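Enquirer: this one's sequence-less:
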């Protein structure tokens, strides 16, 4: 007896419809979310895949409105569609995760390099400000330098070496102490004297560079030679030789002797002003920001500029380019000093300038308590 089997179409169950709806509607959002966490490019890829998923769901929704072909059911079509789309999603998410992993490694590498460089920069700043290295002279309080050198002189040896050199070979150079000097040469000289404060200047070094080194050293010390405590008193006594003489006696011995030494050198330079174009007023303008400033002053343009001159530029890690700030500064046609503005509209401290000018012009009557510095 033959039996006839009739295949009745199954009614679409609400449970399958709900699951399919949840699957397709949430997949696109999750993929986009994963892509956005990985970066713009991956987010674009995820968005495209999400659009495909949405497109498939629109087709399936439309198909639900039409009668199914013989032997097919909406449930079976949903199962097949979900399976196919699941493969696409798993592949896309896997690729996204791989790209995220690669990107994460690159970001971590860049972050590590940046952290290492930042640590180096911070160490250099700490060394600069506190004189952590046992041999440093730049950035170290002047008393600490003289005490460590034990040379029998109350003046840092770097100033003695530079002054002796200039008196012998460089006082006639035009714009002495006004010209900036070669930045790379200055950095080499700083390294030399930070390693050995009693070192001799290299043969053939330019008097302009030696004069600039003197200014760089004075710019680096944490407190001015005149000290913060005497700033106001000195300004008020700027035109009185006797008052200046008495006030300066309050200075610590190292400060007093070094100030006497520096102004004695400037007096010698001013006597050659017909050749070097540097009279006492011009020298006072150049040296006042390095010898006398008030506490809380974050730094004049000149002091900041000279401090910048001594520091090698930091190498900045750029994850999008192979070019670094160091590479740019190494180019011959780049003037590194141009990065420091030399005019911030801050008016000169004319009262302080008058003090230093007076110390230069009336050096001998003012510094009677010091053995007068004499160069043969």
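Expert: Yep, that arrived. Being a predicted model, the structure only gives us computed values, none of them experimental.
Enquirer: distance of residue 136 from residue 149?
Expert: 12 Å (Cβ to Cβ, to the nearest Å). In this view, the C-beta of every residue, glycine as well, is placed from N, C-alpha and C.
Enquirer: more neighbours, these two?
Expert: A count of neighbours by other Cβ atoms under 10 Å puts residue 136 above the other of residue 136 and residue 149, at 21 against 17.
Enquirer: So the more buried one, which state does it fall into?
Expert: coil (DSSP: H, G, I helix; E, B strand; the rest coil).
Enquirer: Let me know the helix or strand that the closest residue to it other than its chain neighbours is in.
Expert: The shortest distance from residue 136 to any non-neighbouring residue, by Cβ to Cβ, 6 or more residues apart in numbering, is to residue 194 (4.8 Å). Assigned by DSSP states H and E, residue 194 belongs to helix 183-195.
Enquirer: Report the buried residues of that helix.
Expert: Going by neighbour count (16 or more other Cβ atoms under 10 Å), the buried part of helix 183-195 is 183, 185-186, 189-190, 192-194.
Enquirer: for stretch 204-224, same thing?
Expert: 205, 207-221, 224.
Enquirer: Same check on stretch 225-237?
Expert: So for stretch 225-237, counting by 16+ other Cβ under 10 Å, buried means 225-227, 230-231, 234-235, 237.
Enquirer: which secondary element of this protein has the worst mean pLDDT?
Expert: helix 325-329 (a mean of 38; mean pLDDT, DSSP states H and E).
Enquirer: next SSE after it?
Expert: helix 350-361.
Enquirer: Who are the packing partners of that next one?
Expert: helix 231-236, helix 241-248, helix 253-270, helix 280-291 (3 or more Cβ pairs under 8 Å, 6 or more residues apart in numbering; DSSP states H and E).
Enquirer: could you say what helices and strands the third one packs with?
Expert: Taking 3+ Cβ pairs under 8 Å, 6+ apart as the contact definition, the neighbouring helices and strands of helix 253-270 are helix 142-149, helix 157-169, helix 280-291, helix 350-361, helix 363-366.
Enquirer: can you list those in CSV and add distance to residue 241?
Expert: Shown next, in CSV, are the helices and strands packed on helix 253-270 (distance: least, Cβ to Cβ, whole Å):
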stretch, distance to residue 241
helix 142-149, 25
helix 157-169, 24
helix 280-291, 14
helix 350-361, 7
helix 363-366, 6
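Enquirer: Make TSV out of the ones you listed and add mean pLDDT and distance to residue 177.
Expert: Shown next, in TSV, are those (pLDDT from 0 to 100; distance: least, Cβ to Cβ, whole Å):
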stretch	mean pLDDT	distance to residue 177
helix 142-149	94	19
helix 157-169	95	9
helix 280-291	95	5
helix 350-361	95	12
helix 363-366	94	16
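Enquirer: Between the ones you listed, which one is closest to residue 242.
Expert: Nearest of these to residue 242, taken as Cβ to Cβ: helix 363-366 at 8.9 Å.
Enquirer: List the contacts of the closest one.
Expert: 241, 244-245, 248, 260, 263-264, 267, 358-359, 372 (Cβ atoms under 8 Å, 6 or more residues apart in numbering).
Enquirer: Repeat the analysis, applying 6 Å as the threshold.
Expert: 241, 244-245, 263-264, 267 (Cβ atoms under 6 Å, 6 or more residues apart in numbering).
Enquirer: now, among the residues you listed, which is nearest to residue 352?
Expert: residue 244 (12.2 Å).
Enquirer: out of the contacts of helix 363-366, which is most surrounded?
Expert: Ranking the contacts of helix 363-366 using other Cβ under 10 Å puts residue 263 first, with 27 neighbours.
Enquirer: need the contact list for that one.
Expert: 359-360, 363.
Enquirer: Among those residues, which one sits closest to residue 164?
Expert: Using Cβ to Cβ, the contacts of residue 263 come closest to residue 164 at residue 363, 17.9 Å.
Enquirer: For burial, what's the neighbour tally of the closest one?
Expert: Neighbours of residue 363 (other Cβ under 10 Å): 21.
Enquirer: what's the spacing between it and residue 348?
Expert: On the measure of Cβ to Cβ, residue 363 and residue 348 end up 22 Å apart.
Enquirer: State the distance from residue 237 to residue 364.
Expert: In terms of Cβ to Cβ, residue 237 sits 18 Å off from residue 364.
Enquirer: what do you get for residue 227?
Expert: 22 Å.
Enquirer: now swap in residue 222 and tell me
Expert: Distance from residue 222 to residue 364, by Cβ to Cβ: 30 Å.
Enquirer: again, but for residue 354
Expert: Taken as Cβ to Cβ, the span from residue 354 to residue 364 is 18 Å.
Enquirer: Which of the contacts of residue 263 sits closest to residue 153?
Expert: The closest of the contacts of residue 263, once distances to residue 153 are taken by Cβ to Cβ, is residue 363, at 18.4 Å.
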